[in-house]
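1. structure for the following, please:
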Amino acid sequence: MGELQTTFNFVLPKGLVDAEGKVHRQGVMRLATAKDELSLQKDHRIRQEPVYGVLIMLSRVIVSLGELSSVTPENLENLFTRDLAYLREFYNRINQQGNAEIPVRCPQCGHNFREELVLSGES
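-> Just a heads-up that it's a prediction; the model follows:
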């Protein structure tokens, strides 16, 4: 068996614009761990606003994004919705063993099959 891949490169469709107007698109995300999941349960911000958990989890697993020295939930609040959707799907994809197949039905013949989901902006 080969070595387990734990980090994955990505390219955001639009990019995160920082306070100076610089756009950050290329990044690296690592696989989530049990510790990441447990830390969410302890974070007080999630008790106040449960949907904030997505930003906290993403900030934990994004190893790098452009030239940012660190990625915080506050940074990620400035993502365009398309980029947030991309990161959520990318997170799900890599943490489900890269299996991003979805059921599809051919509109002409009605045949059912599975097709791999390809994300826009993916390198």
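
2. can you pull out the helices in the chain?
-> Remark: helices assigned in the chain by DSSP state H are 34-42, 44-48, 53-61, 73-76, 81-95.

3. in the second one, what counts as buried?
-> To tie it back to what came earlier, the one meant is helix 44-48. residue 46 (16 or more other C-beta atoms under 10 Å). C-betas here are computed from N, CA, C, even on glycine.

4. quick check: mean pLDDT of that helix?
-> If you average the pLDDT over helix 44-48, you get 82.

5. low-scoring stretches of this protein, by residue?
-> Regions of the chain meeting the criterion pLDDT under 70 cover residues 1-2, 97-103, 114-123.

6. just to revisit the earlier point, out of the helices of the chain, which is the most enclosed?
-> Counting by mean count of other C-beta atoms under 10 Å, helix 53-61 has the highest mean neighbour count of these, with a mean of 19.

7. mind giving me the packing neighbours of that helix?
-> The helices and strands touching helix 53-61, judged by 3 or more C-beta pairs under 8 Å, 6 or more residues apart in numbering; DSSP states H and E, are helix 34-42, helix 44-48, helix 73-76, helix 81-95.

8. a markdown table for the helices of the chain, including distance to residue 23?
-> Compiled in a markdown table, the helices of the chain are given as follows (distance: least, C-beta to C-beta, whole Å):
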| stretch | distance to residue 23 |
| --- | --- |
| helix 34-42 | 27 |
| helix 44-48 | 27 |
| helix 53-61 | 18 |
| helix 73-76 | 13 |
| helix 81-95 | 11 |
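
9. still on that earlier bit, can you lay out the helices and strands packed on helix 53-61 as a markdown table showing distance to residue 67?
-> Putting these into a markdown table (distance: least, C-beta to C-beta, whole Å) gives the following:
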| stretch | distance to residue 67 |
| --- | --- |
| helix 34-42 | 24 |
| helix 44-48 | 26 |
| helix 73-76 | 12 |
| helix 81-95 | 16 |
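
10. out of those helices, flag the one nearest residue 3.
-> If you check each of the helices and strands packed on helix 53-61 against residue 3 by C-beta to C-beta, helix 81-95 wins as the nearest, at 15.4 Å.

11. many thanks, I have nothing further to ask.
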